[in-house]
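Enquirer: pasting the sequence and the predicted model now:
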Amino acid sequence: MAHAVRVFETEPRVRLEHMDDPVPGQGQVVVDIEYSALNYKDALALTGRGKIIRAYPLTPGVDAAGVVADSRDERYRAGDRVIMTGWGVGERTDGGFTTRQCFDADTLVLCPDNLAAKDAMIAGTAGLTAMLALMKLETLQQSPAAGPLLVTGATGGVGQWAVTLLSAAGFEVHALTGKPDQAEHLKTLGAHEIVDRHAFTENVRPLDKACYAGGVDTVGSAVLAALLSRTFDYGNVAAVGLAGGMDLHTSVAPFILRGVSLLGIESVRAPFEQRQEAWQRLAGLGAGATAPLLSGVIGFESLETTARSMIDGTTAGRYLVDPAK
Ligand SMILES: C=CC(=O)SCCNC(=O)CCNC(=O)[C@H](O)C(C)(C)COP(=O)(O)OP(=O)(O)OC[C@H]1O[C@@H](n2cnc3c(N)ncnc32)[C@H](O)[C@@H]1OP(=O)(O)O
Ligand SMILES: NC(=O)C1=CN([C@@H]2O[C@H](COP(=O)(O)OP(=O)(O)OC[C@H]3O[C@@H](n4cnc5c(N)ncnc54)[C@H](O)[C@@H]3O)[C@@H](O)[C@H]2O)C=CC1
């Protein structure tokens, strides 16, 4: 029997249930889950605050890492260590907040040998997405010599990973946050300067004084608009998230007068080769790289309350989900 978190349309929305062991169909793989993680999207799903879940009842969890128990796909064999992220898992099909799950093989990558399941999930969709943002900036020849990059929502999961990865790649990273108590931590991750998020969105002109060569934005809305207005000529801004809102009120001025590019980052359906490259690069950071990003290890019982805190913006970093806890 698997032990799973289930979200229903009616109260109580979140329930813990025992489920029959999944039976794989053709092209599917059953995984014994060692760790999952809590992402903003999972928090939206658990709290019902976003239109995430498309089929009720559903096991949420857009991330999972574990060991193949049974496979009906030629790419995977029992005993393989795998990582699952995205592909509508935890939205349209059952996800990672369980002890054992059946996934379509296309949603998986082999976990690099030098990456433990725990470290893979401290990264999870957050680390993968930050790496995809760095890789997209690289395709436009973003260079440290062009100037500092701003990471917004810097204390969040994606934000902390973006600070870590951009700094490791040689960029001067400025970290936008509303949490002054996290400033020292952000500096240990590699942030060069801490920027106050409240002042950042005040009195922003369509073309404001440019001070960044671009950045990685996890907030959206007024924060993204302000960053676009403050980006140097030919800078690049990677749009990742909507923690501050899905809207974007800006002007064409940064794009047509400064040649600024707005890059869309989408991790859910990232092609296999891109995900594989991103995971190899994350593994290459070495043992110990993930530890500073881990904020807590939680069991299924704590998921709902931690999800509420995440939506309220009071969490920081990454929360591992341990099915055995
Ligand atoms: C890890 C990744 C992230 O964290 S991403 C950020 C979290 N995601 C969200 O907050 C998005 C939640 N979704 C919504 O709030 C809504 O879907 C919407 C506001 C974006 C649109 O809502 P609306 O009611 O207008 O339309 P539908 O939901 O019916 O969708 C319209 C159309 O878009 C397609 N679509 C919806 N969601 C996604 C998605 N996540 N990825 C790709 N495509 C999506 C949907 O299939 C519909 O297409 P159609 O061709 O009309 O069937
Ligand atoms: N495009 C993609 O494929 C992906 C998108 N995302 C999105 O990126 C965003 C961040 O995700 P996580 O890091 O997992 O979430 P998180 O909750 O760990 O981080 C969000 C950060 O934004 C900050 N924040 C919240 N409200 C804010 C506001 N109004 N103004 C400024 N800052 C605010 C929080 O304090 C926190 O630091 C989410 O919107 C998520 O949906 C995440 C992963 C993949």
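Expert: That came through, no problem. Residues are numbered from 1 along each chain as shown. Ligands and ions are numbered 1, 2, ... in the order given.
Enquirer: can you list the residues of the stretch 201-325 of the chain near ligand 2?
Expert: Residues of the stretch 201-325 of the chain lying close to ligand 2 (C-beta under 6 Å from any ligand atom) are 218-219, 223, 240-244, 265-268, 310, 313, 315. For glycine as for every other residue, the C-beta is placed from the backbone atoms N, C-alpha and C.
Enquirer: repeat the analysis, applying 8 Å as the threshold.
Expert: Selection of the stretch 201-325 of the chain residues close to ligand 2 by C-beta under 8 Å from any ligand atom yields 218-223, 239-245, 264-268, 270, 310-311, 313-318.
Enquirer: tell me what Ala238 is bridged to.
Expert: According to DSSP bridges, the residues that bridge with Ala238 are Val216, Leu263.
Enquirer: before we move on, back to that, just the buried members of the residues of the stretch 201-325 of the chain next to ligand 2?
Expert: Neighbour counting by 16 or more other C-beta atoms under 10 Å classes 218-223, 239-244, 265, 267, 270, 310-311, 315-318 among these as buried.
Enquirer: which of those are close to ligand 1?
Expert: Answer for these near ligand 1 (C-beta under 8 Å from any ligand atom): Gly241, Leu242, Ser267.
Enquirer: count of neighbours near the nearest residue to Leu115 once chain neighbours are set aside?
Expert: Once flanking residues are discounted, Leu115 sits nearest to Ala283: 3.9 Å by C-beta to C-beta, 6 or more residues apart in numbering. The tally of other residues near Ala283 (other C-beta atoms under 10 Å) stands at 19.
Enquirer: pLDDT at Ala283, what is it?
Expert: We have a pLDDT of 97 for Ala283.
Enquirer: ditto for Val151
Expert: The model's pLDDT for Val151 equals 99.
Enquirer: ok, now Ala287?
Expert: 82.
Enquirer: Thr306 now?
Expert: On the pLDDT scale, Thr306 gets 98.
Enquirer: in contact with Ile52, which residues?
Expert: Lys41, Leu44, Ala45, Pro60, Gly90, Glu91 (C-beta atoms under 8 Å, 6 or more residues apart in numbering).
Enquirer: check the secondary structure at it for me.
Expert: coil (DSSP: H, G, I helix; E, B strand; the rest coil).
Enquirer: how about it, phi and psi?
Expert: phi -100, psi -50 (degrees, to the nearest 10).
Enquirer: around ligand 1, pick out the residues from the stretch 1-150 of the chain.
Expert: 39-41, 44, 50-52, 62, 86, 88, 91, 125, 129.
Enquirer: mind redoing it with 6 Å?
Expert: Proximity of the stretch 1-150 of the chain to ligand 1 (C-beta under 6 Å from any ligand atom) is limited to residues Asn39, Tyr40, Lys41, Leu44, Gly50, Lys51, Ile52, Val62, Thr125.
Enquirer: filter the contacts of Ile52 down to the ones in helices?
Expert: Mapping the contacts of Ile52 onto helices (DSSP state H) picks out Lys41, Leu44, Ala45.
Enquirer: let me have these in a markdown table, adding neighbour count, pLDDT and distance to Val31 as columns.
Expert: Formatted as a markdown table, the ones in helices among the contacts of Ile52 follow (neighbours: other C-beta atoms under 10 Å; pLDDT from 0 to 100; distance: C-beta to C-beta, whole Å):
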| residue | neighbour count | pLDDT | distance to Val31 |
| --- | --- | --- | --- |
| Lys41 | 21 | 98 | 20 |
| Leu44 | 20 | 98 | 24 |
| Ala45 | 26 | 98 | 20 |
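Enquirer: I'd assumed Gly48 was in contact with Arg308.
Expert: No. Counting by C-beta atoms under 8 Å, Arg308 sits too far from Gly48 to count as a contact (10.7 Å).
Enquirer: Thr129 contacts Gly264, correct?
Expert: No. Counting by C-beta under 8 Å, Thr129 does not reach Gly264; the two are 11.6 Å apart.
Enquirer: does ligand 1 sit close to the strand or helix carrying Trp279?
Expert: Applying DSSP states H and E as the criterion places Trp279 in helix 272-283. No. On the criterion C-beta under 6 Å from any ligand atom, helix 272-283 is out of touch with ligand 1, staying 13.0 Å away.
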